[in-house]
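*Asks:* predicted model and sequence below, questions to follow.
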Amino acid sequence: MNLKQKVHAKYSQLVSDKIDAFRDMISALSEDAQNDAKSSAGDKHETALSMMHLEQEKLNAKLAECLDQKTVLDKINPLIPGDKVVLGSLVLANGIYFYVSLALPKIAIEGTNILALSPQSPLGSKLVGNQLGGQVEINGTRYTIQDIL
């Protein structure tokens, strides 16, 4: 498994873990709401149920966002090498690895730090379409593309 495949697998696992966590939280809230409905009555009960419902809506929105992220990652084939920066490219620029995919947390694989960035981000949008040796500048910093995996 090459570095790009490992990076893709790690980010896919990260998003899948988030999806599982949100589903577990939503399930727990639903159970709490059902148990609370059996045992309480009055204004405090209505307020508690309302708060649980709001929390459940927030979690559902976060779950939907994670499912969208998973859809994007599922569309990326990490086996396809590229000569241009596209969605799914692992780009080495100025000694930093950028995974052009989604805005996700930084990870480390075999001691190498990887920064995931969205193709819509300022740097991502400038990198997309460039080739090996291409240069982009953002916020006064010039990035030279050293490798595209």
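*Replies:* In hand now; what should we look at? Numbers count the residues shown, from 1 in each chain.

*Asks:* break the chain into its domains for me.
*Replies:* Per the record, the chain has its domains at 3-75, 90-148, by automatic domain parsing.

*Asks:* quick one: which of the ones you listed is nearest G82?
*Replies:* Across these, G82 has its closest neighbour in domain 90-148 (5.4 Å, CB to CB). The way it works is simple: take the backbone N, C-alpha and C, and place the C-beta from them, glycine included.

*Asks:* any idea how far I138 is from I76?
*Replies:* To I76, I138 is 23 Å away according to CB to CB, to the nearest Å.

*Asks:* neighbour count winner among the two?
*Replies:* For I138 versus I76, neighbours defined as other CB atoms under 10 Å are more numerous around I76 (20 against 14).

*Asks:* and the spatially closest residue to S118 that is not a sequence neighbour, how many neighbours does it have?
*Replies:* Excluding the flanking residues, the one nearest S118 by CB to CB, 6 or more residues apart in numbering is A103, at 4.5 Å. Neighbour count of A103, defined by other CB under 10 Å: 12.
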